[in-house]
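Participant: my questions concern the predicted model and sequence given below.
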Amino acid sequence: MTRMTWTPPPPFEPRDDRPADGAAAPATPAGTSTGTPAGTSAGTSTGTAVAGTTPTTPPSPSPQRGPRSWLTAARGRTLAGFTLAAVLLLVVAPAVLPDFRLNLLAKFLCLAMVAVGIGLAWGRGGMLTLGQGVYFGLGAYLMAMHLKLTDAGPGGVPDFMLLYGDGTVPGWWEPLRSPVVTLLAIVVVPVALAVVLGLAVFTRRVRGAYFAILSQALAAAFAILLVGQQKVTGGTNGLNGFRSFFGYDLADPVNKRMLYLIAAVTLLVMVAVVRLLMVSRFGELLVAVRDGENRVRFLGYDPARVKVVAYAVAAAFAGVGGALFVPIVGIVSPADVGVVPSIGFLVGVAIGGRATLLGPVLGSVAVAWAQTSLSESFPSAWTYAQGALFILVIAFLPGGLASLGGLQAAVRRRRAPDGTTGDGASGSAGPATADAAGRPGGLTAAADAADHVAPVPPTHSVEPAGRLP
Amino acid sequence: MTHSRARSRASSLTLPAGAIALALLLSGCGGARVDAGAAATPAGGSESCVDTSGDTVKIGFLNSLSGTMAISEQTVRDSLDLAAEEINAGGGVLGKQLEVVAEDGASEPTVFAEKAEKLISSDCVAAVFGGWTSSSRKAMLPVFESNDALLFYPVQYEGLESSPNIYYTGATTNQQIVPGMDYLKEQGRTKVFLVGSDYVFPQTANKIINAYAEANGIEIVGEEYAPLGHTDFSTIVTKLKASGADAVFNTLNGDSNVAFFKEYKNVGLTPDSAPVVSVSIAEEEVGGIGVENVEGQLTAWNYYQTVDNPANTTFVEAFKAKYGDDRVTSDPMEAAYTSLYLWKGMVEKAESFVPDDVNAAADGVTFEAPEGTVTVNGDNHHIAKTALIGKIGADGLIHTEWSSDGAIEPDPYLEGYDWAADLS
């Protein structure tokens, strides 16, 4: 029996940012990655920021003093959070959880990958992505097709095609016999679809509910297409019964644990990528587009391009999540990619806190975990619990559970004479029709992104707190 | 949630990234080594953990109690509960009382797979009973095979499967579809129209029917599929009427039947002019569709509530006593009830709860089921059953119209039928 040993994280993480590569390549000692040549947004440890093509002037020391300690604390918190998450996921969980629970957690992590992408596109970018099931499904089906072909052996025909089809492999399946093509396709296909769709939609300034409806319709159509093509997609049964994963026996518990670790590492990398995007100039622009798209346009940026990038990143994450979901769960069917699961992805993100870094992850994992454990005790009552939770969060904590931590700060800020968080940033679901007039968050972000001078604390980053009732 | 921004960007990028890389490396390697060491000892997770040392033995019931399939699967759960209760009252299995671990499959294949894994490896049940849709069974199959555990699946299905870890106590195609066609042929019907929901069971059934028709001089005058849950049948029924069909083979699922039969009546078709043979309408569904819409139509199953034998009288009475007089019993419910007794028979013959021993003892185990005597086929894990064509009566029950010559041996791959040679 082949056993999986430690391998570097799979090469199909989205490579959106150079530092992510540094994080993904275990061969690079932590120290040297600080010396990575500056890419789009990477810098050196001296504090010189290189953002986009415009080099930023090194900050002058004197006005920096006050903010710097505050910034360091924030950075420390982020670092501590990451380390804690990494330790929990990679050391504690495998040590304390039995195989079955660990595999469940691995499944939840795959769903969390989609959530991370939604957090970026919806929480930061204001695009209500109601159809992430499509990208999740693309990644999942591509992986499943590859696994079926591998199981069938070179030149072989997957079992379900023999049973329900005409016993031949359709031409468009053939390239997926190659593991390399498959791994590439898992990222490239969702991204390509997202870019095409995004360009078509965002350049026409389709926003808000229209975009949501469009993306949901896409999910519905995708599921119907899969069901109808029984002979080549497995229909309602989907694709299942995989025996091996790139040569490793899927029935071996050790390999199951390795899959968990791969999922955990992939998720951490994705969170890191989103974190980098959030603090980068792109991240500022994205929030600015969310809060005042027209203003950003007047400043000379193309909001459509910004949105397309965020949407494509979300699609790539969903695709990778889907691809890992398949060997971990052992099945993908149209029930996993349609409208209902697409909405399910959003629920976790909303409950966790869509605009925050870790909110979507924690929210989706928590909701999935609660669903599993509650349904074990109260089989039919879970649905009500989920609905009640959703209503409670939307009604009382629109920023999600993650905003609980910001509650105190918000109260403090409100009492401050010059509280700027009054009405806070906009609801990200709706189009920002008010042009961000009188909304310091959006205004600040836009201005900041434009000229790179902003010692003002980022109001938009406390958006959840600012939106508390 | 605050975060640092432009000014701290440089170091904030590299530090977390480096830390993560380091953390991943350390913990990742550590985890792998620990894993490899742990698994080197033979007592791995896939070994059975079933505890048979006490007075009880655990079994798992896995049906959808939520989601779209809940209405159908709840009835199966009810009859499983009844069977477990009866067996416990009668002294249990090998002297051990059954302890049921109940789970909800939530009508989702992935949940079925997850819960099956939980029942096997966390709850350590000796066998699992449940599943309904093909996709739920397909999702559970690898779980049972990799854990070497047993699943008893109680619903008629599309055949073409035979796992050593699954017992199929519902009909396979040669015990339901083929007899249904035999009946139509006997009645002299020569132009058959096929209508079904667009998923695996109807598609496979119709593939078989087409092959049968070709070999038996029957003409298939139309084959139409509607998406699951579809409720507009004007186009399909118009085509049906125009085709001049003298019989209809119906594999529609659920609500679609209501719309289909209403439309069928609207255009003036009757059970005499073009009878509809349905394979997914049982006693439970007749009420939902409305007796007035389906009275006089035909069904193909292996059991009806009206089947006349002592075992069925006992079963129906016990069921009504437990769940109420207004409840009906149907084929999948009976197959589920029977499956628990068959497992009991196999275990007692094997004198062991271990799946391999149970499999070795399975062949020839019989049970006086409500549907009649059933016998387990040890080779393909299906059971020999009698096919019954029934007519839906005004009372909402189904009355046997035609019966096969004794029990039909299960043949999931239709290997004994020359006309089916090209099918699989």
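Facilitator: It's in. These numbers come from a predicted model, not from an experiment.
Participant: isn't residue B:193 right up against residue B:251?
Facilitator: No. Using Cβ atoms under 8 Å as the test, residue B:193 is too far from residue B:251 to be in contact (11.8 Å). C-beta coordinates here come from the backbone N, C-alpha and C atoms, glycine included.
Participant: can I get stretch B:367-375 in CSV, CA atoms only?
Facilitator: The C-alpha trace of stretch B:367-375 is given here as CSV (Å, rounded to 0.1, in the frame of the first residue of the first chain):
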residue,chain,number,x,y,z
PHE,B,367,-37.6,-15.2,5.6
GLU,B,368,-41.3,-15.4,5.5
ALA,B,369,-41.7,-11.8,4.6
PRO,B,370,-45.0,-9.9,4.2
GLU,B,371,-44.4,-10.0,0.4
GLY,B,372,-44.0,-13.8,0.6
THR,B,373,-40.9,-16.0,1.0
VAL,B,374,-37.7,-14.2,0.1
THR,B,375,-34.3,-15.8,-0.3
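Participant: how about it: buried residues?
Facilitator: Neighbour-count burial for stretch B:367-375 flags B:367, B:369-372, B:374-375 (criterion: 16 or more other Cβ atoms under 10 Å in any protein chain shown).
Participant: and for stretch B:385-404?
Facilitator: Buried residues in stretch B:385-404 (16+ other Cβ under 10 Å): B:385-392, B:396-398, B:400, B:402-404.
Participant: what number of residues lie near residue 90?
Facilitator: Picked chain A for this. Residues lying near residue A:90 (other Cβ atoms under 10 Å in any protein chain shown) number 24.
Participant: correction: the question concerned chain B.
Facilitator: Count around residue B:90 with other Cβ under 10 Å applied: 9.
Participant: now the one 5 residues further on
Facilitator: By other Cβ under 10 Å, the residues close to residue B:95 number 9.
Participant: separation between it and chain A?
Facilitator: Separation of residue B:95 from chain A (Cβ to the nearest Cβ, to the nearest Å): 29 Å.
Participant: quick check: nearest residue in space to that residue, chain neighbours excluded?
Facilitator: Residue nearest to residue B:95 in three dimensions, not counting chain neighbours: residue B:55, with 7.7 Å by Cβ to Cβ, 6 or more residues apart in numbering or on different chains.
Participant: ok, now residue B:282?
Facilitator: Closest to residue B:282 by Cβ to Cβ, 6+ apart is residue B:330, at 3.6 Å.
Participant: test my guess that the one you found contacts residue B:305.
Facilitator: Yes. Residue B:330 is in contact with residue B:305 according to Cβ under 8 Å; the separation is 7.2 Å.
Participant: ok, those two, which is more surrounded?
Facilitator: In this view residue B:330 and residue B:305 are compared by other Cβ under 10 Å, and residue B:305 has more residues nearby, 25 against 22.
Participant: any idea how far apart the tips of stretch B:166-177 sit?
Facilitator: 21 Å (Cα to Cα, to the nearest Å).
Participant: and that stretch, average pLDDT?
Facilitator: If you average the pLDDT over stretch B:166-177, you get 96.
Participant: stretch A:175-186 too?
Facilitator: Averaging pLDDT along stretch A:175-186 yields 95.
Participant: now do the buried residues in it.
Facilitator: A:176-177, A:182-183, A:185-186.
Participant: chain neighbours aside, what residue packs nearest to residue 236?
Facilitator: Answering for chain A, as no chain was given. residue B:199 (4.2 Å).
Participant: can you look at chain B instead?
Facilitator: residue B:224 (4.6 Å).
Participant: quick check: which element contains the one you found?
Facilitator: Using DSSP states H and E, the element containing residue B:224 is strand B:219-226.
Participant: which helices and strands sit right next to the helix or strand following that strand?
Facilitator: Going down the chain from strand B:219-226, the next helix or strand is helix B:234-242, by DSSP H and E. Contact partners of helix B:234-242 among helices and strands, from 3 or more Cβ pairs under 8 Å, 6 or more residues apart in numbering or on different chains; DSSP states H and E: strand B:191-197, strand B:219-226, helix B:256-266.
Participant: tally up the residues packed near the closest residue to chain A within the stretch 251-400 of chain B, please.
Facilitator: Residue of the stretch 251-400 of chain B nearest chain A, by Cβ to the nearest Cβ: residue B:253 (10.2 Å). Each residue near residue B:253 was counted by other Cβ under 10 Å, and the total is 23.
Participant: that one in helix, strand or coil?
Facilitator: Classification of residue B:253 by DSSP: H, G, I helix; E, B strand; the rest coil places it in coil.
Participant: list the contacts of it.
Facilitator: Contact analysis of residue B:253 by Cβ atoms under 8 Å, 6 or more residues apart in numbering or on different chains lists B:197, B:199, B:201-202, B:228, B:280.
Participant: now, which of those sits nearest chain A?
Facilitator: Nearest to chain A among the contacts of residue B:253, with distances taken as Cβ to the nearest Cβ, is residue B:199, at 4.2 Å.
Participant: do a quick rundown of the strands in the stretch 251-400 of chain A.
Facilitator: With DSSP state E, counting those that start in this stretch as the criterion, the stretch 251-400 of chain A has strands at A:331-332.
Participant: low-confidence ranges, it, go.
Facilitator: A:379-380 (pLDDT under 70).
Participant: interface residues of it facing chain B?
Facilitator: The stretch 251-400 of chain A comes close to chain B at residues A:251-254, A:257-258, A:261, A:265, A:268-269, A:272, A:275-276, A:278-281, A:284, A:329-331, A:333, A:335-336, A:353, A:356-359, A:372, A:375-376, A:379-380, A:382-383, as judged by Cβ under 8 Å from any Cβ of the partner chain.
Participant: narrow the residues you listed to those that are buried.
Facilitator: The buried subset of those (16+ other Cβ under 10 Å) comprises A:251-254, A:257-258, A:261, A:265, A:268-269, A:272, A:275-276, A:278-281, A:284, A:329-331, A:333, A:335-336, A:353, A:356-359, A:372, A:375-376, A:379, A:382.
Participant: in helices only, show me those.
Facilitator: Among these, the members falling in helices (DSSP state H) are A:253-254, A:257-258, A:261, A:265, A:268-269, A:272, A:275-276, A:278-279, A:281, A:284, A:329, A:359, A:372, A:375-376, A:382.
Participant: how about the nearest residue to residue A:100, chain neighbours excluded?
Facilitator: Using Cβ to Cβ, 6+ apart, the closest residue to residue A:100 is residue B:121 (4.7 Å).
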